[in-house]
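Asker: sequence plus the predicted model coming up.
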Amino acid sequence: MHRKSAYILFLAVLALLVIGIVMLFSTSAFARDSHGDVYFFIKRQATWVGIGLVLCIFGALIDYHFWQRTWWLWFALALAALALCYVPHIGMRLNGSRRWIGWGPLTLQPSELAKLAAIFFLAAWFARYEKPDRKVLLGLILPLAIISLPAGLVLGEVDLGTTALIGTTAFVVMFIAGANPLWLGLVSVAGLGALLIVATQISERMGRLSAFLHPENFKEDAGLQQMQALIAWGSGGMEGLGLGNGRQKMLYLPYAHTDFIFPIIGEELGLRFSLLVVFLFVVIIVCGIMIALHAKDRFGLLLGCGVVSLLALQAAVNIGVTTSLLPNKGLPLPFISYGGSNLVACMFGIGLLLNIYRQAILEPPHKKRATMHARITLRI
């Protein structure tokens, strides 16, 4: 199974990319900001898919230990890019958040780089300190303090979803690395409480929470997207209305081509095809975990688990939001939603997994046995 995991992973990602392009073709023509060109988003997304594939190949060919040696460079670059979000005329404020920086027609979301930089740092840190449960300072306090730097800047952008995503991914990597579960649990509860307190102080986010708890009372404003998404699911049923025949994309469901593209899949292609999308994400998660567990060293294991956690959590949150199981977070569906920064970051993450797989396969058998023996000894 492990020897075929990379091929299955790539085919699953390719299938999601194809679904994304097809659904974007169906939905983007009705977007308010299409600039009068029905192919506007298709052209841009195709460009980003090409860039993403190039970076995927780059990540698959470059030794992943390069990111272990240079994690500090990418971490500093991510902090600098996040700081630019607060600079006038560079940082862009849209929908109450400062998530983007732009130069002319080009816009980027620095938080995508921050996600990858956080994984590089955590994997490199815990590859160096292999028994974090015995050292509270090195195994918990310092890494959390360092991770709080990009997380704090993202939180200042009023992007609570990405902040929670970075924090949750960090806890997953630290748990796998061997950090004390009790301390991680206490910190996670405290972090969740802090996010809720921040959300209650921001009127727009408080509106989203209220709309989640009482959707019928906010179906015309804060709960509009999720109510219209439920209508899309109900209209599609098991078989769907047919590709291109969806009605919610016709300006009834805001941002149907980005964060809420999944309900359009359900409306036009039906529940069966929606479950196929979920199944493809499960395949990616299983194959990614398989690759990470067979990594030739501890850094590869933690890096692979971090990438898989990032993809899995983001997909789970988006699906949870669009089915009204979670409050609206504004996170795109990986490989399917329109958006260049997220697509490129996800494709690069797939490249990292392929590189981990390639190096594990090419490792001589005697080294594999030595590595496995070392892991068993460490666990004992």
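Answerer: Received it, and whenever you're ready, just let me know what you need. Since this is a predicted model, take the numbers as computed values, not measurements.
Asker: C-alpha only now, for contacts and for neighbours.
Answerer: Will do.
Asker: quick one: I147 and G167, what's the gap?
Answerer: Distance, I147 to G167, by CA to CA, to the nearest Å: 8 Å.
Asker: does R99 belong to a helix, a strand or coil?
Answerer: Applying DSSP: H, G, I helix; E, B strand; the rest coil to R99 yields a three-state assignment of strand.
Asker: wait, doesn't it sit right on L113?
Answerer: No: taking contacts as CA atoms under 8 Å, R99 lies outside contact range of L113: 12.0 Å.
Asker: the more surrounded of the two?
Answerer: Legend: neighbour count by other CA atoms under 10 Å for R99 and L113, higher for R99 (28 against 21).
Asker: quick one, what contacts that one?
Answerer: Shown in contact with R99 (CA atoms under 8 Å, 6 or more residues apart in numbering): C85, G91, M92, R93, Q109, P110, S111, V154, E157, D159.
Asker: what is the neighbour count of the nearest residue to Y86 once chain neighbours are set aside?
Answerer: On the basis of CA to CA, 6 or more residues apart in numbering, the spatially nearest residue to Y86 that is not a chain neighbour turns out to be R98, at 7.1 Å. Residues near R98, counting by other CA under 10 Å, number 22.
Asker: L243 too?
Answerer: By other CA under 10 Å, neighbour count at L243 equals 15.
Asker: next one: phi and psi at it?
Answerer: Here the main-chain torsion angles of L243 (degrees, to the nearest 10) amount to phi -60, psi 130.
Asker: same thing with E216?
Answerer: With angles defined as degrees, to the nearest 10, E216 sits at phi -70, psi -30.
Asker: go on, M92?
Answerer: Backbone geometry at M92, expressed as degrees, to the nearest 10, gives phi -110, psi 130.
Asker: can you check the pLDDT for it?
Answerer: Looking at M92, its pLDDT stands at 77.
Asker: just the one 4 residues further on next, same as before
Answerer: Turning to G96, the model gives it a pLDDT of 63.
Asker: ends of stretch 209-225, what's the gap?
Answerer: 13 Å.
Asker: now it, how far from the chain's geometric center?
Answerer: 25 Å (CA atoms, centre = their mean, to the nearest Å).
Asker: next: stretch 159-167.
Answerer: The chain centroid and the centroid of stretch 159-167 are separated by 10 Å under CA atoms, centre = their mean.
Asker: L241 in helix, strand or coil?
Answerer: On the three-state scheme (three-state DSSP), L241 is labelled coil.
Asker: phi, psi of it?
Answerer: Taking degrees, to the nearest 10, you get phi -80, psi -10 for the backbone angles of L241.
Asker: count of residues packed around it?
Answerer: Residues within reach of L241, counting by other CA under 10 Å, total 19.
Asker: now do the nearest residue to it once chain neighbours are set aside against L230, distance only.
Answerer: Closest residue in space to L241, ignoring its immediate chain neighbours: E268 at 4.7 Å, by CA to CA, 6+ apart. If you measure E268 against L230 using CA to CA, the figure is 13 Å.
Asker: neighbour count winner among those two?
Answerer: Neighbour totals were compared for E268 and L230, and E268 leads with 27 against 17 (other CA under 10 Å).
Asker: buried residues, stretch 175-194. List them.
Answerer: Judged by neighbour count using 16 or more other CA atoms under 10 Å, the buried positions of stretch 175-194 are F175, A177, G178, A179, N180, L184, S188.
Asker: output the contacting helices and strands for the helix of greatest length in the chain.
Answerer: Of all the segments assigned as helix in the chain under DSSP state H, the longest by residue count is helix 261-293. In terms of contacts (3 or more CA pairs under 8 Å, 6 or more residues apart in numbering; DSSP states H and E), helix 261-293 is packed against helix 2-27, helix 224-236, helix 298-322, helix 340-362.
Asker: quick one: the residue nearest to L241 and T27, what's the gap?
Answerer: Taken as CA to CA, the spacing of E268 relative to T27 amounts to 10 Å.
Asker: can you check which residues contact both of these two?
Answerer: Contact criterion CA under 8 Å, 6+ apart; residues shared by E268 and T27: G244.
Asker: which residue ranges of the stretch 51-200 of the chain form helices?
Answerer: 65-69, 71-84, 110-128, 136, 142-156, 160-177, 181-200 (DSSP state H, counting those that start in this stretch).
Asker: of all these, which one comes closest to F262?
Answerer: Smallest distance to F262 across the helices of the stretch 51-200 of the chain (CA to CA): 17.7 Å, for helix 160-177.
Asker: overlap in contacts of R99 and L113?
Answerer: By the contact definition CA under 8 Å, 6+ apart, R99 and L113 are jointly contacted by no residue.
Asker: low-scoring stretches of the chain, by residue?
Answerer: Applying pLDDT under 70 to the chain flags residues 1, 32-36, 95-96, 104-105, 133-134, 199, 201-207, 221, 363-380.
Asker: quick one: neighbours of W103, just the number.
Answerer: Neighbour count for W103, taken as other CA under 10 Å: 11.
Asker: could you do A145 as well?
Answerer: By the measure other CA under 10 Å, the count of residues near A145 is 11.
Asker: contacting residues around it?
Answerer: With CA under 8 Å, 6+ apart, A145 has no contacts at all.
Asker: go on, P263?
Answerer: A229, L230, A232, W233, T322, T323.
Asker: please redo it, this time with the cut-off set to 10 Å
Answerer: Contacts were defined as CA atoms under 10 Å, 6 or more residues apart in numbering; by that measure P263 touches 226, 228-234, 236, 246, 248-249, 253, 256, 269-271, 274, 319, 322-323.
Asker: burial count for H214?
Answerer: The local packing of H214 (other CA under 10 Å) involves 12 other residues.
Asker: ugh, wrong one, F171
Answerer: By the other CA under 10 Å criterion, the neighbourhood of F171 contains 22 residues.
Asker: that'll do, ta.
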